[in-house]
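J.: A predicted structure for the sequence below; I have some questions about it.
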Amino acid sequence: MIGIQYGLCGLVFLLFGFCLMMLMRWQLAYPGQALPVIGKWLPYFFGPNTMPDGKMTPEFYNSLGAMHGTIMIFMGVVPVAFAAFGNFVVPLQIGAPDMTFPKVNAASFWAFGVGGVVMLISFFVPGGAAQSGWTSYVPLAAISNRGPGLNPFFNGQTLWLVGFIFLITSSLLGAINFITTIIQLRAKGLTWMRLPFFVWAQFVTAFLLLLAFPPLESAIIMQLMDRVAATSFFLPSGLIVNGVKMDISGGGSPLLWQHLFWFLGHPEVYVLILPAFGIVGEILANNSRKPLWGYKSLVFSVLVIGFLSFVVWAHHMWLTGMGTTVSAFFQTTTLLISIPSVIILSAFFISLWGGSIRFNVPMLFATAFLPMFGIGGLTGIPLAFNSADLYLHDTYYVIAHFHYIVAPGTLFGLFAGIYYWFPKATGRAMNEFWGKVHFWPSLICMNVIFLPMFLQGMLGMHRRWYDGGQGWTLSGEHIWGLSGFQWNTPISWAAWIMGLAQIPFIINFFWSIKHGEKVNDNPWEATTLEWTSPSPPPHGNFVTTPVAYRGPYEYSLPGRERDFTMQNEPVEPTERTRRKTVEQPALV
C-alpha cells in the first residue's frame, strides 16, 4: 500500500514538474509574449507579479527553474524509482511478508507528503517560490527573499529549505528500512547471488541515500540558520546587498555549501539511475527469454558505482579554482566510474544477443533506455575534464547531458516498470495499443528536445538565460539551418507534443485499474518470486512462504517443457547429474 501511495504521489509531482517546464519553454521560444489561453489565469494562482497580462517575469522564470529541478528529482523520480518500486517489488522479490519496520515506512511516506506540501505552499507566499536554482547556491540563496515586506520565515526560499528537511528525513527512514529488509527478510534459500538484479540495485541505492543525505541535511539546517538566525556558516565577510553592507558576523564559506551539496548531488544521480538499471535488467531477461549475461559482473558493477559515486562530487566545481592536483584526482575518479556503467550497458546489450525477443510495451521502453542512457553517459565524458568544462559549464550542453540520463534514461526505465508490474498490483494488464501510442511520440520528442541542446551548448548558450539567449553574441551562428536561439522554438513544440503524449498513459493507467484485461498471477511467464504471489498480493504477500531453489533468471533451460523455471521450483535430480563424457575412440 505504501509503495502504491508513493507511486501515485510521485507521478502527480512528475506531471506538475513537467508542467512547470512547459511554461518555461513558452518563455524560451517566445520571449516576452503573452501565453495564450491560460496565461491570463495563471496570476490568479501564482500571484499578480508572476505573469502580469500573461507575460512571464524574470523572477517567476527563476522560480520555475528552481522548482522544476527540485520537484522532478526529489519529489518525482526518487519517490517513484526508489520508494514506490522498492516498497512494492523488493519484499515480493525476496519472499518477505512486509518491510522490516512498517511504522517507520509509514513515517517515511508522511514525511515525504509534508515536504511536498511545504514545497507547493511556497508558490503562494509573498515573493513566490524559491528563485536560487535547485542547487540553492549561497550567498544568493541566503539573501534571496529577504528585506522589507517579506516575512523572514514565511517566504519561498526558507520554505524550500524546510520542505527539503522533510524530504531528506523521508529518504533516510526509507533507506534504513530497505537495507534491514533485504538483509534480514530474504526467503529461505535466497542467497546473495540468487537475488534478482533489481534487489541489488535497490540495496546499493539505499546505502547511497543513507550515507550521502545526512551531510546535505546538516548543510540545509545551517543555511536555514543563516537566513533566520543571523549565523554565517556560508556567508563571507563584506557582502554588499542593494548598496548596503550586510550586518553579519561573516567568515563563512560559500564553497562549503557546494561541497556539501554535491557530496549528495552526485550519488543522487545514481540514486536515480540504479533502480532504472534494475528494472531494465528484469525486463530484458524476461522478454529475451534468456538469463542476464554476466550476472556477477552486473552485481559487482553496481557495488563499484556505489563506492566511486562518493569520490567524484567536485567535478561539478571545476570553476571554483581548485588546484591541479585536486582536479586531476576528481577527473580520474570521474572517468573510472564510467567503467562499471559501460559494463552494465554492455551486459544488457549482450543479453539481447540470440534471444527470442518479445517487443511488448515494457520491452520497448527498456530497449529504448539503452541507447538513450548511452548518449547521456558518453556526452558526460567531456565534462569530466576541467579544460573542456571551462567552456561547457552552465551551458545547454550540461542540460542535454543530464536530461539524457534522467529523462529518456531513468523515466523510460520507470515507465517500463509501471507497465511490467501493473498486472501484479492490480490483476489487470494495461492496454498494449495505447502503451505504444504513449511510447513512440515520447521517444521521438525526447530526442527532438534534448539533441539540439548539445548544439546550443557548444555555441555557448547559457542554461539560465530568461530571454532564451536572443541577445547572446553567438546567436548569429547557424547549425542545421537554425541559430542557437532559433532552436528554442522546435524544442518547445516537441516538449508540448510530448506533454500531449502522456495523456494516453494517464487514461490507460486509471482505466486499466478497473477495466483492463484480467490476467493470471504470472502473465509475463517470469521466474522471480514476486510472480508466485497472487495478483494483487494479499496481506503478508504470499499464501505459502516461498523457498528459493535456484537463481533468478532460469530461462530456456535445456530439457524443460517450459522456457521459464521459477525460483521456487525444486531442482530435479536430472538437473544435478552432470553430462557423461563421450569416450574418445582408441587410435589404432
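T.: Good, I have the coordinates.
J.: report pLDDT for Leu474.
T.: Listed pLDDT for Leu474 reads 60.
J.: I'd assumed Phe124 was in contact with Asn155.
T.: No. Using C-beta atoms under 8 Å, Asn155 makes no contact with Phe124, being 11.2 Å away. In short, each C-beta sits where N, CA and C put it, glycine included.
J.: more neighbours, the two?
T.: For Asn155 versus Phe124, the count of surrounding residues by other C-beta atoms under 10 Å is larger for Asn155: 23 against 13.
J.: list the contacts of that one.
T.: Asn155 sits next to 122, 125-127, 145-146 when contact means C-beta atoms under 8 Å, 6 or more residues apart in numbering.
J.: again with Gly149
T.: So Gly149 contacts Pro126 (C-beta under 8 Å, 6+ apart).
J.: what's the answer for Ile506, then?
T.: Taking C-beta under 8 Å, 6+ apart as the criterion, Ile506 is in contact with Leu15.
J.: in a helix, that's where it is, yeah?
T.: Yes. With DSSP: H, G, I helix; E, B strand; the rest coil as the criterion, Ile506 is assigned to a helix.
J.: quick revisit: and which of the contacts of Asn155 is nearest to Val342?
T.: Ser122 (40.3 Å; C-beta to C-beta).
J.: hmm, Phe164 and that closest one touching each other?
T.: No. In this structure, Ser122 is not within contact of Phe164 by C-beta under 8 Å, at 10.8 Å.
J.: and the two? which has more neighbours close in?
T.: Counted by other C-beta under 10 Å, Ser122 and Phe164 do not tie: Ser122 has more neighbours, with 27 against 23.
J.: quick one: the more buried one from Asn145, how far?
T.: Using C-beta to C-beta, to the nearest Å, Ser122 is found at 10 Å from Asn145.
J.: which neighbours do these two share?
T.: By C-beta under 8 Å, 6+ apart, the residues touching both Ser122 and Asn145 are 130, 155-156.
J.: what's the burial count for Met22?
T.: 15.
J.: for it, grab phi and psi.
T.: Phi and psi for Met22, reported as degrees, to the nearest 10, are phi -70, psi -30.
J.: do you know the pLDDT at it?
T.: Confidence score, pLDDT, at Met22: 94.
J.: which residues touch it?
T.: Met22 makes contacts with 495-496, 499, as judged by C-beta under 8 Å, 6+ apart.
J.: likewise for Asn62?
T.: Contacts of Asn62 (C-beta under 8 Å, 6+ apart): 131-133, 464, 466.
J.: before we move on, what about Trp496?
T.: Residues near Trp496 by C-beta under 8 Å, 6+ apart: 22, 25.
J.: okay, and it sits in which element?
T.: Following DSSP states H and E, one finds Trp496 within helix 488-515.
J.: what mean pLDDT does that helix get?
T.: On average, helix 488-515 scores 95.
J.: distance check, Arg464 against Leu390.
T.: Applying C-beta to C-beta, the value for Arg464 to Leu390 is 17 Å.
J.: one more: Ile503?
T.: Ile503 is 43 Å from Leu390, by C-beta to C-beta.
J.: same thing with Thr181?
T.: 45 Å.
J.: now Phe433
T.: Taking C-beta to C-beta, one finds Phe433 at 49 Å from Leu390.
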